[in-house]
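Chemist: Compute the structure for the input listed below.
(one chain, ligands or ions: 1)
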Amino acid sequence: MPQGFFITFEGLDGSGKTTQLKRLAAWLQARGHSVVCTRQPGGTALGDRVRSLLLDSRLDAETGGVAPMAELALMFADRAQSIEQVILPALAAGKIVLCDRYTDSTEAYQSGGRGIPFATVQTMHQLICKGLQPDLTLLLLPSLQSSLARARRRNDKALHQKGADENRFEREGDAFYTRVYQAYRAIAAREPQRVAAIEDDASIEDVQQSVRSIVAERLGNK
Ligand code: TMP
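Modeler: Residues are numbered from 1 along each chain as shown. Next comes the predicted model:
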C-alpha cells in the first residue's frame, strides 16, 4: 500500500496548472517534504516520445487525423509507464507526488471532448491504472477564454522559438473546449472529497495561496 501522498493538477490548456505545480513543489520542499514532480503525457523516456506524437499538430496533416481510440490508448500507455516507473516507486518511498494531469484529463478530453463513452475510460482506468486515484486533485478552472488565449499564445511562441509543435489540442475549436470544461465541472461535482476546484481568474499569487491552504489542510488530516 503506497505511503506517500498523490496530488494531481488538472485544468484546461493555459489554466496555469504547471506554474502552480512548480510553486507548490518549491513551497513543500522548503518545508522539508520530499517531492517528485511529473506530468502526463510525458515524464518517462517512453512517455516523452508518446507526448511528442500525441501533441504534434503536423500528425493530423500527415495521417489524416488520429483516431479517438488511438489517442485514448496512447494516453493510457503513457500513464501505465508513468505509474510503474515514477508514481508508485515515489509513493512507496513516502514521497509527495505532484502530477500535471492524470485520468481526469482523459475523462475531460477523450470522453467529454471526443465523445468516447465514460464507461470506456473508467474500464481502462481500472485495468491499466488498477484504479490508482489521487489523494487530492487541484482543478484550476479560470474562464475558458482566458485559458485558451494563453495556451495558444504560449504554443505559437514555442513553435517559433524551438520548433516544438505541441499544438494539436489547442487547434480544437471552442465547442470542443466547452465540452472539456463542462466535463471537468462534472468531475468536481461528482467527487468533491477528492477534487478541489479553484474557479476564478485570480492572480497567480492568490491561486497559489488557495492551493497551499488546501494542500496543508489535506496533509494535516492524513
Ligand atoms: P499539457 O501537458 O501541456 O497540459 O498538455 C497536454 C495535452 O494533452 C492537453 O491538451 C490535454 C491533453 N491530454 C488529453 O487529451 N488526455 C489526457 O489523458 C492527458 C493526460 C492529456
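Chemist: can you give me the strands for the chain?
Modeler: Per DSSP state E, the chain carries strands over the ranges 5-11, 35-39, 96-100, 136-140, 195-198.
Chemist: and the shortest one, what's its mean pLDDT?
Modeler: Translated: strand 195-198. The predicted model assigns strand 195-198 a mean pLDDT of 97.
Chemist: Who are the contact partners of Ala151?
Modeler: Contact partners of Ala151, counting by C-beta atoms under 8 Å, 6 or more residues apart in numbering, are Leu12, Asp13, Gly14, Glu170. (Each C-beta comes from the backbone N, C-alpha and C, glycine too.)
Chemist: ok, which stretches of this structure are helices?
Modeler: Assigned by DSSP state H, the chain shows helices spanning 17-30, 45-55, 58-63, 68-82, 88-92, 103-105, 118-128, 144-162, 174-190, 204-220.
Chemist: Any chance of TSV for the ones you listed, columns distance to the ligand?
Modeler: Shown next, in TSV, are the helices of the chain (distance: least, C-beta to the nearest ligand atom, whole Å):
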stretch	distance to the ligand
helix 17-30	7
helix 45-55	6
helix 58-63	13
helix 68-82	4
helix 88-92	17
helix 103-105	4
helix 118-128	9
helix 144-162	8
helix 174-190	8
helix 204-220	16
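Chemist: now these in CSV, with mean pLDDT?
Modeler: Output for the helices of the chain, formatted as CSV (pLDDT from 0 to 100):
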stretch, mean pLDDT
helix 17-30, 97
helix 45-55, 95
helix 58-63, 75
helix 68-82, 97
helix 88-92, 98
helix 103-105, 98
helix 118-128, 98
helix 144-162, 78
helix 174-190, 96
helix 204-220, 96
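Chemist: how about a markdown table for the strands of the chain, with distance to Gly113 added?
Modeler: Shown next, in a markdown table, are the strands of the chain (distance: least, C-beta to C-beta, whole Å):
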| stretch | distance to Gly113 |
| --- | --- |
| strand 5-11 | 14 |
| strand 35-39 | 19 |
| strand 96-100 | 18 |
| strand 136-140 | 16 |
| strand 195-198 | 18 |
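Chemist: Would you convert those strands into TSV that also reports mean neighbour count and distance to Gly64?
Modeler: TSV is the format used below for those (neighbours: other C-beta atoms under 10 Å; distance: least, C-beta to C-beta, whole Å):
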stretch	mean neighbour count	distance to Gly64
strand 5-11	25	30
strand 35-39	20	28
strand 96-100	23	30
strand 136-140	24	34
strand 195-198	19	36
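Chemist: Mind putting these into CSV with distance to the ligand?
Modeler: Shown next, in CSV, are the strands of the chain (distance: least, C-beta to the nearest ligand atom, whole Å):
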stretch, distance to the ligand
strand 5-11, 8
strand 35-39, 6
strand 96-100, 6
strand 136-140, 11
strand 195-198, 16
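Chemist: could you list every residue that touches Leu138?
Modeler: Leu138 makes contact with Ile7, Thr8, Phe9, Glu10, Lys17, Gln20, Ala196, Ile198, Val211, Ile214, Val215, according to C-beta under 8 Å, 6+ apart.
Chemist: Run through the bridge partners of it.
Modeler: Taking DSSP bridges as the rule, Leu138 bridges to Phe9, Ala196.
Chemist: can you give me phi and psi for Gly33?
Modeler: Just to correct that, residue 33 is His rather than Gly. Dihedral angles of His33 (phi, psi; degrees, to the nearest 10) stand at phi -80, psi 150.
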